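> What would the 3D arrangement of this be:
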Amino acid sequence: MKTYLKWAVLPLLLFGAFTIEAQTTGRHAAKNNKVTCSQTANMLTKAEKSAGWKLLFDGKTTNGWRGAGLTAFPDHGWKVENGELTVLKSNGTDNKRGGDIVTNDEYSAFELSFEFKLTTGANSGVKYLILESQKNKGFVIGPEYQVLDDAVHPDAKLYTTYPGSRTLSSLYDIIAAKDKHFNGIGVWNKGLIKVSPKMHVEHWLNGSKVLEYDWGTKAFLDLVKGSKFAGESYKEFGGFGLAKKGHILLQDHGDEVSYRNIKIRILK
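Next comes the predicted model:
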């Protein structure tokens, strides 16, 4: 009887051990291969609505957006299709470009979540706290969450005062993103920008924080002095790094890049 029990129980023990190992392996796999992008585009869950999230793109129209320096949305250079807001490739031809687009509304403290899909060699960006020039139509100022194909686009390796600060998810030309997890070209990636009421800013990529800084502080303004934003053209705005509120902007850099699930939550 004892021998029978021994051989009967052994497979159960082995199966239990296998199950525990499989579950553990599964957890590690999930952690290392995060499913970060939504399966349903341009919709808010009940939890998101309850938390105060609001869609900035409905997946069907350009409502809530206009061209930078314009009163209406560009009539070319952008398209809405299959729930995606896409800036079209212009092949270096300026008259084919639609130009940057901005939200009608301005925002101060917020969390901005968005998904983006890059084509090979593409360059775009999500800017925030955007101010528009009153002198030069379409000229804007504001910090940028860089959207870039680091493997191909030359900006990723361009020498600047702050090396790496023109790569994906970086604060353009000022602070380089670190410890990035990029899903790849032609697939969706998730960006997140957080601006606290005290103007502490964070950039996130696919669930990981890649940089942070304090907007408007002396330490930050000292960094600005070593960037392109220290130029004369920015003095119209009182300098770069001081705005307390502004528009959200999607950049047209002449390359095809798609966006979806653009949503914002106001922080108080």
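> what about the stretch 151-268 of the chain, any weak spots by pLDDT?
When residues are selected by pLDDT under 70, none of them lie in the stretch 151-268 of the chain.
> got the residue ranges for the strands in it?
If DSSP state E, counting those that start in this stretch is used as the criterion, the strands of the stretch 151-268 of the chain fall at 188-195, 200-205, 208-214, 247-250, 257-266.
> ranking those strands by burial, who's on top?
Across the strands of the stretch 151-268 of the chain, averaging neighbours per residue (mean count of other C-beta atoms under 10 Å) puts strand 247-250 on top, at a mean of 24. The way it works is simple: take the backbone N, C-alpha and C, and place the C-beta from them, glycine included.
> returning to what we had before: need the strands of the stretch 151-268 of the chain in a markdown table (columns: distance to Asp173).
A markdown table is the format used below for the strands of the stretch 151-268 of the chain (distance: least, C-beta to C-beta, whole Å):
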| stretch | distance to Asp173 |
| --- | --- |
| strand 188-195 | 16 |
| strand 200-205 | 14 |
| strand 208-214 | 13 |
| strand 247-250 | 16 |
| strand 257-266 | 19 |
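> do you know which of the ones you listed lies nearest Gly164?
strand 208-214 (10.5 Å; C-beta to C-beta).
> Tell me the bridge partners for the most centrally placed residue in the chain.
The centroid of the chain falls nearest to Gly191 when counting by C-alpha atoms, centre = their mean (3.2 Å). On the basis of DSSP bridges, Gly191 is bridged to Phe114, Leu205.
> Next: Trp65.
With DSSP bridges as the rule, Trp65 is bridged to Thr103.
> That one: how many residues sit nearby?
22 (other C-beta atoms under 10 Å).
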